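Enquirer: After the sequence you'll find the predicted model.
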Amino acid sequence: MAVERALPRRIPEPRPSRRPRRLSEERYARKRVRKSDRTRQRIMGAAKQLFDRKGYRETTIDDITRRAEIAHGTFYLYFGSKGEVLKQLLGETFLEFDRLASHVPRSRDEIAGLVRESLQIYERNRLLMRFLREASAADPYFRQHYDQLFIGPLVDHLRATVEGALGDGRQRGSARSRAGARDGVLDSRAAARAAVGLIESFAYGMFIGGEDFSMDLAVDTLTAFCAGAIDL
């Protein structure tokens, strides 16, 4: 009698696991966001290089798209104009200045520290600050919104700082602070606007205009004006 040989048992191959559709969609969405961020950064990097080399006025959107190696239409998925690119580039710089302006100095040394840090921020971002000056002269949007975008927020923060410093002066019995409060000699917003204009103009001359002042001399001079105005 023939003995039947048992065939080897076939082990089924494991099926590839299927990931939940939702997880795949989320991963795809994150990938798209990363790609979008990279494209935005490429546009901003290309624009910054061109603004520096050619100037804001002479740089065109075609220049930016060629430099970033993207299609012309892709630019408009991210920005409506080259002015919007510049506004984005300036955003972090404005935040640095806003943070400084929100501090209330209690002494002349603290004012000197804020002045020094303001000049250092300006120096680090001197290319962007030059672009902003140029854009405010060449671009109607920046011409109309220069104060709103840059000067206005600084003045608003610094106004509170000036009011705080004047309040401290009144508590100390400062004759100048009492006279200012009584006669309206020193308006806090006017004083804030004067301080911002003074520091911004001085920094522009030093770091963009090429005026030869040491950092220490600049800090001492600007501190003397700012501290004297609020009697610190």
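Expert: Arrived safely, thanks for sending. Numbers count the residues shown, from 1 in each chain.

Enquirer: Could you list the low-confidence segments of the protein?
Expert: 1-33, 149, 165-185, 230-232 (pLDDT under 70).

Enquirer: one more time with 80
Expert: 1-35, 92, 101-106, 141, 143-154, 156-158, 160-186, 228-232 (pLDDT under 80).

Enquirer: All the helices of it, in order from the start?
Expert: 21-54, 61-68, 72-78, 82-101, 108-124, 126-138, 140-146, 152-172, 175-183, 188-207, 215-229 (DSSP state H).

Enquirer: In terms of secondary structure, what does the fifth one contact?
Expert: Under the contact criterion of 3 or more C-beta pairs under 8 Å, 6 or more residues apart in numbering; DSSP states H and E, the helices and strands touching helix 108-124 comprise helix 82-101, helix 188-207, helix 215-229. For glycine as for every other residue, the C-beta is placed from the backbone atoms N, C-alpha and C.

Enquirer: how is the protein carved up into domains?
Expert: Per automatic domain parsing, the domain ranges recorded for the chain read 27-80, 81-229.

Enquirer: show me what contacts residue 111?
Expert: 105, 223, 226, 227, 232 (C-beta atoms under 8 Å, 6 or more residues apart in numbering).

Enquirer: Looks like the second one contacts residue 113 (just checking).
Expert: No: using C-beta atoms under 8 Å, residue 223 is not in contact with residue 113; the gap is 9.2 Å.

Enquirer: re earlier: the helices and strands packed on helix 108-124 into a markdown table, with extra columns for mean neighbour count?
Expert: As requested, these are exported to a markdown table (neighbours: other C-beta atoms under 10 Å):
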| stretch | mean neighbour count |
| --- | --- |
| helix 82-101 | 17 |
| helix 188-207 | 18 |
| helix 215-229 | 17 |
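
Enquirer: and those as a markdown table, adding distance to residue 135?
Expert: Formatted as a markdown table, the helices and strands packed on helix 108-124 follow (distance: least, C-beta to C-beta, whole Å):
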| stretch | distance to residue 135 |
| --- | --- |
| helix 82-101 | 6 |
| helix 188-207 | 14 |
| helix 215-229 | 25 |
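
Enquirer: Out of those helices, which gets nearest to residue 133?
Expert: Nearest of those to residue 133, taken as C-beta to C-beta: helix 188-207 at 6.8 Å.

Enquirer: Just the CA coordinates for that closest one, please, in CSV.
Expert: Extracted as CSV, the C-alpha positions of helix 188-207 are listed here (Å, rounded to 0.1, in the frame of the first residue of the first chain):
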residue,chain,number,x,y,z
SER,A,188,4.6,111.6,26.4
ARG,A,189,3.8,110.7,22.8
ALA,A,190,5.8,113.7,21.4
ALA,A,191,8.7,112.7,23.6
ALA,A,192,8.5,109.1,22.4
ARG,A,193,8.3,110.1,18.8
ALA,A,194,11.3,112.4,19.2
ALA,A,195,13.3,109.6,20.9
VAL,A,196,12.5,107.0,18.2
GLY,A,197,13.3,109.5,15.4
LEU,A,198,16.6,110.5,17.1
ILE,A,199,17.8,107.0,17.5
GLU,A,200,16.7,105.7,14.1
SER,A,201,18.2,108.6,12.3
PHE,A,202,21.5,108.4,14.2
ALA,A,203,21.7,104.6,13.6
TYR,A,204,21.0,105.1,9.9
GLY,A,205,23.9,107.6,9.7
MET,A,206,26.2,105.2,11.5
PHE,A,207,25.5,101.9,10.0
